[in-house]
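Asker: Predicted model follows, preceded by the sequence.
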Amino acid sequence: MPNSPATYWKLHKVPIFLALIGAFLYYTFAFQLERTDFIKLLTLFAASFFLCYKLIQFEKWNFKFLLVAGILFRLIFLTTEPNLSQDYYRFIWDGHLVGNFINPYLEVPNDLITQSDLVIPNAQLLYDSMGSLSAKHFSNYPPLNQLLFAIASILGGKSIVGSVLVLKTIIILADIGIFYFGRKLLKHLNRSPHLIFWYFLNPLVIIELTGNLHFEGVMLFFFVWALYLLSIKKWTLAAIPYALSICVKLVPLLFLPLFLKHLGFKKSVSFYTVIGVTCLILFIPFYSSEFIANYSKTVGLWFSNFEFNAGLYNAIKYIAIQFDGKPWELIKTYGKITPIITILAVLFFTFFRDNQKISVLLTSMLAVLTLYYFMSATVHPWYIIFLVVLGIFTRYKYAILWSATVILSYYAYSKMDFKENLGLIAVEYISVYAFLIYEIFNSREQFVIFRKN
């Protein structure tokens, strides 16, 4: 029989063998890795990335095989707690607050932990584990994210592992949704559907989302769904999942002006209205007189107080220090300038690029977000996943390279003082800059602002 197991094994034995090796690598990553062991982390990640490339190379038209492999890789992480991030302790903390009708935007853990009647199970463990930085700030996670935290905390009960299991299940389902709508969008754009596997099998995606519980995948599910609906001219309906993506992570707000030319003035006003109303409905339950001030202050910290894995900022800081500049003053000044430059860039791409075609719109989004991350003082590895998704719908592949090199930033976690290795960060960014420049000068569809596509 042509479809017998023996025949299938004969035809696909090398990819099956590679998938088994990949499963072993992810098992080791999930169960036997401490984030302080940078060499082991780097080795496992590099090997996983190579296997990702080979699996796509061998089986890019065998969608069932690669889909099953991607799901199995994720399921390996299902019952383990994240080993590269402690953010999930705050997720569960916020979830229990919301589940008990306590507003996480109005109360900081440092104050709540002193209460004798605190309703949060495992409160002391969650508080101690989330870190002092998180404990002293109001929550910065948007309302739909908070709702998902609450669902996980309620279903998980008093068990941290139970809550983690629910959160990971949500993220895996979101990834499958990205696969589904991503393939549809690729077909609509006349691009090869197999490109979606550069997301679905990407080790950064599997490790940072399912493994470490970052919710970029849930945001991207709604975002890709919205883009697909836009591509088939269902723009009113698309506004709802687009709003939901904003209410998981705020990043899609950055692209809203770009729809002005894509939809035209009248349709874009209606599009923005539906988004605004949907977001308002989700934010209203958390609203109070202090909400806006607290939330704005917390989000603003990312621009003016934190720095990690920065590209341009590190170069400017290095030069400034040579001239006796003070880093703690520079970050605040730089944090004020970055949003202004980003807004100007968004407006430039809005009014001077022909975004009517969905393909051009996607390239504009990729350019804007790339510029923002190049300038940002804080670029966590999982941020790059948004670029990976946008990149697979365009001709540009530098985001895939960045998803491989960004792991170098984890060197900081191997040090007690979390001190970064600027040499490794330089390797990360220079390789990405160089490949981007190469692609710009060799692509048939360049990042040309005034080009009419």
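Answerer: Happy to help now that I have it.
Asker: From the structure, what's the count of residues near the residue nearest to Phe38 when sequence neighbours are not counted?
Answerer: In space, Phe38 comes closest to Ser414 once its chain neighbours are excluded; the distance is 3.9 Å by C-beta to C-beta, 6 or more residues apart in numbering. No exception for glycine: its C-beta is placed from N, CA and C like everyone else's. Ser414: 18 surrounding residues under other C-beta atoms under 10 Å.
Asker: residues in contact with the host helix or strand of Leu44?
Answerer: Following DSSP states H and E, one finds Leu44 within helix 38-59. For helix 38-59, the external contacting residues (C-beta atoms under 8 Å, 6 or more residues apart in numbering) are 12, 14-15, 18-19, 21-22, 25-26, 28-29, 33, 35, 65-66, 69, 84, 194, 197-198, 201-204, 206-207, 404, 407-408, 410-411, 413-414.
Asker: Generate a PyMOL selection restricted to the buried entries among the residues you listed.
Answerer: Selecting the buried subset of the contacts of helix 38-59 in PyMOL, with 16 or more other C-beta atoms under 10 Å as the burial test, is done by:
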select buried, resi 12+15+18+19+22+25+26+28+29+33+35+65+66+69+84+194+197+198+201+202+203+204+206+207+404+407+408+410+411+413+414
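Asker: Among the contacts of helix 38-59, which ones are in helices?
Answerer: Within the contacts of helix 38-59, residues falling in helices by DSSP state H are 12, 14-15, 18-19, 21-22, 25-26, 28-29, 65-66, 69, 197-198, 203-204, 404.
Asker: Buried ones in stretch 115-131, by neighbour count?
Answerer: For stretch 115-131, burial by neighbour count (16+ other C-beta under 10 Å) applies to 118, 120-123, 126-127, 129-130.
Asker: Also stretch 83-98?
Answerer: Quick answer for stretch 83-98 (16+ other C-beta under 10 Å): 83-98.
Asker: swap in stretch 420-437?
Answerer: For stretch 420-437, a neighbour-count test (16+ other C-beta under 10 Å) marks 420, 424-425, 428-429, 431-432, 435-436 as buried.
Asker: For the stretch 301-450 of the chain, give me the ranges with low pLDDT.
Answerer: Residues of the stretch 301-450 of the chain meeting the criterion pLDDT under 70: 301-305, 324, 328, 443-450.
Asker: Could I get the full set of helices for it?
Answerer: Using DSSP state H, counting those that start in this stretch, the helices assigned to the stretch 301-450 of the chain run over residues 312-322, 327-351, 358-375, 384-392, 398-405, 422-442.
Asker: how much does the shortest one deviate in direction from helix 38-59?
Answerer: I take that to be helix 398-405. Using axes from the mean of the first three to the mean of the last three C-alpha atoms, to 10 degrees, the direction of helix 398-405 lies 140 degrees away from that of helix 38-59.
Asker: ditto for the third one
Answerer: For the pair helix 358-375 and helix 38-59, the angle between their directions (the same axes, to 10 degrees) equals 170 degrees.
Asker: Contacts for helix 358-375 next, please.
Answerer: Outside helix 358-375, the residues that touch it by C-beta under 8 Å, 6+ apart are 188-189, 227, 230-231, 251, 254-255, 258-259, 262, 311-313, 338, 341-342, 345-346, 349, 353-355, 379, 383-384, 386-387, 390-391, 393-394, 396, 399, 436, 445, 447, 453.
Asker: Kindly recompute the last result at 7 Å.
Answerer: With C-beta atoms under 7 Å, 6 or more residues apart in numbering as the test, helix 358-375 has contacts from 189, 230-231, 254-255, 258, 262, 311-312, 338, 341-342, 345-346, 349, 353-355, 379, 383, 386-387, 390-391, 393-394, 396, 445, 447, 453.
Asker: returning to what we had before: if I look at the residue nearest to Phe38, how far off is Leu42?
Answerer: As judged by C-beta to C-beta, to the nearest Å, Ser414 and Leu42 stand 10 Å apart.
Asker: got it, and Ala6?
Answerer: For Ala6 relative to Leu42 (C-beta to C-beta), the value is 39 Å.
Asker: Please say which of those two ends up with more neighbours.
Answerer: Legend: neighbour count by other C-beta under 10 Å for Ala6 and Leu42, higher for Leu42 (16 against 8).
Asker: OK, contacts around Ala345?
Answerer: 368, 371 are the contacts of Ala345 under C-beta under 7 Å, 6+ apart.
Asker: Which of the helices or strands spans the closest residue to Ser134 other than its chain neighbours?
Answerer: Nearest non-adjacent residue to Ser134, counting by C-beta to C-beta, 6+ apart: Arg90, 4.9 Å away. Using DSSP H and E, Arg90 sits in helix 87-99.
Asker: pLDDT of that helix, averaged?
Answerer: Averaging pLDDT along helix 87-99 yields 95.
Asker: And the next helix or strand past it?
Answerer: Past helix 87-99, the next helix or strand by DSSP H and E is helix 109-112.
Asker: Give me the next element, helix or strand, following that next one.
Answerer: helix 123-130.
Asker: Need the contact partners of that next one.
Answerer: Residues outside helix 123-130 that contact it (C-beta under 7 Å, 6+ apart) are 86, 89-90, 92-93, 109, 113, 120, 135.
Asker: Return the member of the residues you listed nearest to Gly156.
Answerer: Taking C-beta to C-beta as the measure, Gly156 sits nearest to Ile92 out of those, at 7.5 Å.
Asker: Skip the chain neighbours and tell me the closest residue to that closest one.
Answerer: Ser163 (4.8 Å).
Asker: From Tyr105, how far off is Gln115?
Answerer: 18 Å.
Asker: try Gln124
Answerer: 23 Å.
Asker: thinking again about what came up before, with distance to Tyr287 added, can I get the buried residues of stretch 420-437 in CSV?
Answerer: What follows is those, written out as CSV (distance: C-beta to C-beta, whole Å):
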residue, distance to Tyr287
Glu420, 38
Leu424, 44
Ile425, 40
Glu428, 40
Tyr429, 40
Ser431, 45
Val432, 40
Phe435, 45
Leu436, 41
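Asker: How far off centre is stretch 149-158?
Answerer: 23 Å (C-alpha atoms, centre = their mean, to the nearest Å).
Asker: circling back: only the buried residues of the helix holding Leu44, if you could.
Answerer: By neighbour count on 16+ other C-beta under 10 Å, the buried set for helix 38-59 is 38, 40-42, 44-45, 47-52, 54-56, 58-59.
Asker: Next: stretch 217-232.
Answerer: Under the neighbour-count criterion of 16+ other C-beta under 10 Å, stretch 217-232 has 217-231 buried.
Asker: For it, the averaged confidence score.
Answerer: pLDDT averaged over stretch 217-232 gives 97.
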